[in-house]
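>>> Whatever this is, show me its structure:
(2 chains)
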Amino acid sequence: MTYLYSLVKIFSVGPLPVFITGLVGIFLFLVINRKKSDFFPIILIMAAIFMILWRVAVTIESARYALAILFPILIFTSYFPYHFLQPFPFERFFNEKVKIGIGRFLCILLFLILTAKVLHYNPYADCYIRVSQAIEADSEKRHSSIVLYTKGDSDWLRFEYYLKRKILSVDRGLAKKENLEEQLSLYSGMYDGIYIISHNMLPESVEESSRAGFSELMSTFSNRHRRKKFYVYFFNGKPIAGEKISGENLIHNGGFEVIAPKDKHLNYIQRYEKVNNPFFLQPRNIPDNWMFGLYLGDYTEAKLEATEDAISGKYSLYIENLKDNHRFSFYCESPIPLNKSYLLAFNYQGKANTCFDLEYYFYSEKNSFLGNHKIGTFIVSDSVLHSAEILLPPPSYPEAKYARICFSVYSGAILLDDISLRIYD
Amino acid sequence: MKTCTKNSFLDIPISFFEKLGLSLSKKQEIFCLSLTLIYCVFIHLLNYYLEGSLSRDAIFYLRSISFLYSNNDNIMDFLPKGPYYVYPFLKFGFSLEQLLRTANIIFSLGNVVLIYLLGKAIFNSVNIALSAALLLSVNPRMLDVSVSCTLEPAYLFFSGFSAYCAVLFFKHKKYYWVLFAGILLGCATMIRHESFECFILFNIAFLYALYCKKFKFRDIIPVNFLLLAGTLSGQLIYFYVFQIPASPKYVYMAFWRAFKEILFG
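Numbers count the residues shown, from 1 in each chain, chains lettered A, B, ... in the order given. Predicted coordinates for the structure are as follows:
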């Protein structure tokens, strides 16, 4: 079936009538010149057949991979109208002028058919631009917002380009109620506007049960046949109720006011001395109870230190990843017992389009590392000071007894302060 | 009707249409081709207006160019910062998107001219050549890829030009045409891997030429050597002048690094 699918794709390059005319032209040429061997046309026929067979053999997903076949096929498509009378006995009734006239007429006919096909354009081709404009206009009213794309394909690139801001492609389908609610609860404490671009209409039950402010911003078809549609939903993020929070702040030195002794991280840094990376050699102020995370190596190019240009108090933590798409992580050393629900709160200010992950590092009862789990990816939409409140999800490792909170910056720079973790009832 | 006795463009002898006194004159021929090209530009601009959004490939390419400019992509540390040809355009206030769109129109026009030249070289017929050019100028798939700014028009241009050089080689038996064919093929392979099929096709054509006794068997070695040398130099030219777009970048990067390590340790 994949071979047949490839063949259909190849034929659609023409489009189909033109491609078939081209093949008939090849056949016609072979019939007319069966006793001669014209070198170049034969080579062109070989090229056409080879290119078709090659693409069928390797199988192609899109017709544009077969565009090179257009050259031989169109030449033989043009050959056909001028020579199609030749094999027939009544050919002698037409003089050369008439034959060329018929040929030109047929070519112009094909040209008009193709022009008509070109002009039958997709009126929804600008759907990416219109969706982006709608989100842009609406997000101007919000203090902070995030755009989630739900399909998991690379169309998010197009939205990102037209929106001129980072958007988050969510792997898990948000058409499922539990996935949607999980994502909304994760981001609602961080942003006051959450936009969801989806190919599917989100379930009605979610709309009924979800909080006030969940609404359809717009919807538009994306193809001419009106089979595909983009829906844009808006969710009004709400701050989490303060009265449900109780207990002490479980994160020691969450304000980064205490600086660790210079030799505290020496052993750790010495592990990387061999790579001779300046990042590990320079002296810096690292806050007490905070440490570089996993995934460091010779590629690490980052800045991490307590800076006096603080959000509150004397110090804030400044993290900058100078190497896009190579994660740079740091974590809180004090472990959290995993027997309650927790609310993580922090203040942050960053460069626009900074992208960072919030992660768990899980540990067993004997304090051995079990693995990590991404809680969520966050994007800083502007350079204004923001406050975030994130309800941490339950652990993904059943045997995990403790966890550490980890931030991983993928691109950009961020200033963090006043990190607190409290029990959420 | 005035006819030309010798085509200065291609050095092709007078076709049988010309002998019959039915061919277009040189002026008419150029006029028809120019009209086709003007129509091609018009239909492109109309399509940009009607369906102007960029494809994923184009956005990926624009992103990779931006990466080069911001110098964040450190695997490219041995390359100059950004492709050279972009600088003057950006200096005059053009955006990368406008530049990409303009380049696509130019490559599409190049393809129309190439199919015309190929048609003429292969069938010795102006009618067939012009008709093929006309049909290519309005081919919906071509327009689609060109308007959405994928890299296919550039790939087709380089591989088509390479094929045309190969045709000239078989026509005139001059070895420098093989070298040109190789250089252009090298450029095409840097855009799409599929272009390597032209290498096989060239050899099939050469074997057929041997069968037709146009060449001697011993010619196969210098021809393939020139084609390969041309391909490698074409890849280097493309690498440094245009720079590698989209997905093949990382494949070639890996080859390049292996090559560098073997050579320089």
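
>>> Let's see the pLDDT reported for A:Y295.
With respect to pLDDT, A:Y295 scores 62.

>>> ok, which stretches of the stretch 151-265 of chain B are strands?
With DSSP state E, counting those that start in this stretch as the criterion, the stretch 151-265 of chain B has no strands.

>>> Point me to the residue of it nearest chain A.
Residue of the stretch 151-265 of chain B nearest chain A, by Cβ to the nearest Cβ: B:A205 (4.7 Å). (Glycine included, C-beta is placed from N, CA and C.)

>>> So which residues of the stretch 1-150 of chain A form strands?
Here the stretch 1-150 of chain A has its strands, by DSSP E, counting those that start in this stretch, at A:145-149.

>>> Low-confidence stretches in the stretch 151-300 of chain A?
Judged by pLDDT under 70, the stretch 151-300 of chain A has its weakly predicted residues at A:151-152, A:171-178, A:202-213, A:238-244, A:265-278, A:280-283, A:294-299.

>>> just to confirm, which helix or strand has A:V232 in it?
In this assignment (DSSP states H and E), A:V232 forms part of strand A:229-235.

>>> So which elements touch that strand?
Judged by 3 or more Cβ pairs under 8 Å, 6 or more residues apart in numbering or on different chains; DSSP states H and E, strand A:229-235 is in contact with helix A:127-139, strand A:193-198, strand A:215-221.

>>> show me what contacts the residue of the stretch 151-265 of chain B closest to chain A?
B:A205 makes contact with A:I43, A:M46, A:A47, B:A166, B:F170, according to Cβ atoms under 8 Å, 6 or more residues apart in numbering or on different chains.

>>> filter those residues to the buried ones?
Burial by neighbour count, judged by 16 or more other Cβ atoms under 10 Å in any protein chain shown, picks out A:I43, A:M46, A:A47, B:A166, B:F170 from those.

>>> Out of those residues, which is nearest to A:F93?
A:I43 (33.7 Å; Cβ to Cβ).

>>> From A:N236, how far off is the residue nearest to A:S154 when sequence neighbours are not counted?
Distance criterion Cβ to Cβ, 6 or more residues apart in numbering or on different chains; nearest residue to A:S154, sequence neighbours excluded, is B:R56 at 5.3 Å. Per Cβ to Cβ, to the nearest Å, B:R56 is found 31 Å from A:N236.

>>> try B:H193
According to Cβ to Cβ, B:H193 and A:N236 sit 48 Å apart.

>>> for A:V170, same thing?
In this structure, A:V170 and A:N236 are 19 Å apart, going by Cβ to Cβ.

>>> still on that earlier bit, who has more neighbours out of B:H193 and A:N236?
More crowded of B:H193 and A:N236, by other Cβ atoms under 10 Å in any protein chain shown: A:N236, with 15 against 12.

>>> just checking, that one touches A:F214?
Yes: A:N236 lies in contact with A:F214 (Cβ atoms under 8 Å); the separation is 7.3 Å.

>>> which residues does the closest residue to A:R158 other than its chain neighbours contact?
Distances taken as Cβ to Cβ, 6+ apart place A:Y128 nearest to A:R158, at 4.6 Å, with adjacent residues excluded. Contact analysis of A:Y128 by Cβ under 8 Å, 6+ apart lists A:D155, A:R158, A:F159, A:Y162, B:S53.

>>> from the middle of its chain, how far away would stretch A:113-126 be?
From the chain centre to the centre of stretch A:113-126 is a distance of 28 Å (Cα atoms, centre = their mean, to the nearest Å).

>>> Would you mind measuring the gap between the ends of it?
One end of stretch A:113-126 sits 25 Å from the other (Cα to Cα, to the nearest Å).

>>> Then stretch A:113-132?
Taking Cα to Cα, stretch A:113-132 runs 35 Å from one end to the other.

>>> how about it: buried residues?
Under the neighbour-count criterion of 16+ other Cβ under 10 Å, stretch A:113-132 has A:114, A:117-118, A:121-122, A:124-132 buried.

>>> Mind checking the pLDDT average for it?
On average, stretch A:113-132 scores 88.

>>> Give me the distance from that stretch to the chain's centre.
Using Cα atoms, centre = their mean, the offset of stretch A:113-132 from its chain centre is 24 Å.

>>> swap in stretch B:91-103?
Distance of stretch B:91-103 from its chain centroid, counting by Cα atoms, centre = their mean, is 20 Å.

>>> same check, this time on stretch A:32-51
Mean-position distance between stretch A:32-51 and its chain equals 46 Å (Cα atoms, centre = their mean).

>>> CA-only coordinates of that stretch in PDB, if you can.
Extracted C-alpha coordinates of stretch A:32-51, given in PDB (Å, rounded to 0.1, in the frame of the first residue of the first chain):
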ATOM      1  CA  ILE A  32       6.700   6.800 -33.500                       C
ATOM      2  CA  ASN A  33      10.400   6.200 -33.200                       C
ATOM      3  CA  ARG A  34      10.400   2.400 -32.700                       C
ATOM      4  CA  LYS A  35      12.800   2.000 -35.600                       C
ATOM      5  CA  LYS A  36      15.100   4.900 -34.700                       C
ATOM      6  CA  SER A  37      17.100   5.500 -31.600                       C
ATOM      7  CA  ASP A  38      17.100   9.200 -30.800                       C
ATOM      8  CA  PHE A  39      19.700   9.500 -28.100                       C
ATOM      9  CA  PHE A  40      18.400  12.400 -25.900                       C
ATOM     10  CA  PRO A  41      14.700  11.600 -25.900                       C
ATOM     11  CA  ILE A  42      15.600   8.000 -24.900                       C
ATOM     12  CA  ILE A  43      17.800   9.300 -22.100                       C
ATOM     13  CA  LEU A  44      14.900  11.500 -21.000                       C
ATOM     14  CA  ILE A  45      12.500   8.500 -21.000                       C
ATOM     15  CA  MET A  46      15.100   6.500 -19.000                       C
ATOM     16  CA  ALA A  47      15.400   9.400 -16.500                       C
ATOM     17  CA  ALA A  48      11.600   9.600 -16.100                       C
ATOM     18  CA  ILE A  49      11.200   5.900 -15.500                       C
ATOM     19  CA  PHE A  50      14.200   5.700 -13.200                       C
ATOM     20  CA  MET A  51      13.000   8.700 -11.100                       C
END
